[in-house]
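Asks: Predicted model and sequence below, questions to follow.
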Amino acid sequence: MKNRSVFIIKPDAYKSTDRIIFDLEKRYDVTIVKEFECTPDITAKLYPSDVLQQYFRGICDYMLESPCILGQVRGKNALNDLFQYAGIKSHPRVCEPGTIRNTYGVGEERTKCGIIIVKNAIHRPKSIFELLHDELIFALGPKI
């Protein structure tokens, strides 16, 4: 199970999808790449600990700005490696140079509802628990 992981290219990096997939393909076997429209329900399931926070409306605005890309990577220790390669921190400017978040993330920006959030290019699970959680959301969720 640790040899796979999932990712979501978020709206701030949607225009860079081809370059991000190219970068990922240098390290992993990339499969199941699908475009989808995020919804507030999917956003709530992806970020359950943020649902009751004042800034959650901003996260929803962000995730609905443009389509997102869902993909899966396979490779040796893919779960932990993708976590590192995507960027450990949330803010792209404090992620290591060369990570996906540092390279493609926008950083702090105001959403259309006026809330400032961190736009960081990619969602990736941190643990096997989050991987299974994210896979379940998309297996049981809307058709994409």
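Replies: Sure, I can see it. All figures in this text were calculated on a predicted structure; none of them were measured in a lab.

Asks: From the chain's centre, how far out is stretch 28-47? Work that out for me.
Replies: Stretch 28-47 sits 8 Å away from the centroid of its parent chain (CA atoms, centre = their mean, to the nearest Å).

Asks: okay, which residue of the protein is out on the far edge from center?
Replies: Taking CA atoms, centre = their mean, the residue of the chain most remote from its mean C-alpha position is residue 114, at 21.9 Å.

Asks: The lengthiest helix in the chain: which residues count as buried?
Replies: Using DSSP state H to define each element, the chain has its longest helix at helix 128-140. For helix 128-140, the neighbour count (16 or more other CB atoms under 10 Å) marks 130, 131, 134, 137, 138 as buried. Where C-beta positions appear, they are placed from N, C-alpha and C, glycine not excepted.

Asks: Ok, stretch 73-90 next?
Replies: 73, 75, 78, 79, 81, 82, 83, 85, 86, 87.

Asks: With stretch 37-49 instead?
Replies: For stretch 37-49, burial by neighbour count (16+ other CB under 10 Å) applies to 38, 42, 43, 44, 45, 46.

Asks: So the third one sits against residue 57, correct?
Replies: No: here residue 43 lies out of contact with residue 57, judged by CB atoms under 8 Å, at a distance of 10.1 Å.
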